[in-house]
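Participant: Okay, here's the prediction I keep looking at, along with the sequence it came from:
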Amino acid sequence: MPTDTHTAAPTAQDLLGTALHDEVVRHFAEQPDAPDPAFVTHQVRECVRYLYLVSRHPDRLGGLFLPVEQDIDEIWHYLILQTREYRELCEQRLPGGHFIHHRSISYDAYQADPGRETAAEEALRWIPLYTAAFGPFDEDALPHWTVVRFLHDQLGLSLAEIADLDAGTGTAGKGTLDAGAGTAA
C-alpha cells in the first residue's frame, strides 16, 4: 500500500470560492429527487478534483473520456455556464492555468475509436494521478468515478488495492488486472 506522500491539494471550496461552491451544492441539492446536500457536496468535490487533474496533467489526460459519472458531468456543465467564474477557475485557480474545454462524446463512440484495450488503459491512467494529488479514493469518492467503482464492486478490489494500481502495468499489489476488464463499466 502506498504511503500518503501527496501534498494537500486545494479543496473544492478553496478553488471555487465559498459563494460559488455553496451555489452549486444548493442548485443540485434542490433538484427533484436530488440526493442529500452532503452527497452533492462530494459530487462537487469530485468534479473539481477531475478538473484539477485535467489542468495539472493536460499531456496525460487531455482529450480522454470522462472517467466520472454523468452527475459529475452535469456539475461541470453548470460551472461552464458561470462563464466568468469558470474562466477564473481554469486560468487562475487550477494548477495548469489554462482554460479546460468540454466536448461531449458517448462512451460507445469513444471506445470504438481507440479500441477496448486503449480505452481501459486510459480509464486506469486516472487512478495513480488521483491518489498522488488527493490520497486514496475514499467511500465518498467511490460512487463518482466509474472505473474505480467497477474495480471495487465488480472485481472486488479494496480501495487500498485500487490506490496501489499502476496504470501502465495494470498491477495491483500481487495481482494483475486484465486491461480489457475495465471497459465494461
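Facilitator: Arrived safely.

Participant: How about residue 15, nearest residue that isn't a chain neighbour?
Facilitator: Spatial nearest neighbour of residue 15, chain neighbours left out: residue 93 (4.9 Å); criterion: Cβ to Cβ, 6 or more residues apart in numbering. Just so you know, the C-beta spots here come from the backbone N, C-alpha and C atoms, and that holds for glycine as well.

Participant: Identify each buried residue in stretch 16-30, please.
Facilitator: 16, 20, 21, 24, 25, 28, 29 (16 or more other Cβ atoms under 10 Å).

Participant: I'd like to know which of these is nearest to residue 51.
Facilitator: residue 16 (9.9 Å; Cβ to Cβ).

Participant: so how far is residue 140 from the closest one?
Facilitator: Distance, residue 16 to residue 140, by Cβ to Cβ, to the nearest Å: 17 Å.

Participant: do the same with residue 15
Facilitator: Distance of residue 15 to residue 140, given as Cβ to Cβ: 17 Å.

Participant: which one of those two has more residues nearby?
Facilitator: residue 15 (22 against 14; other Cβ atoms under 10 Å).

Participant: Tell me who's in contact with the more buried one.
Facilitator: Contact partners of residue 15, counting by Cβ atoms under 8 Å, 6 or more residues apart in numbering, are 48, 52, 89, 93, 94.

Participant: Just among the residues you listed, which is most surrounded?
Facilitator: Neighbour max across the contacts of residue 15 (other Cβ under 10 Å) = residue 48, 27 neighbours.

Participant: Backbone torsions only: list them for it.
Facilitator: phi -70, psi -40 (degrees, to the nearest 10).

Participant: excluding its backbone neighbours, what's nearest it?
Facilitator: Per Cβ to Cβ, 6+ apart, closest to residue 48 is residue 12, 3.9 Å.
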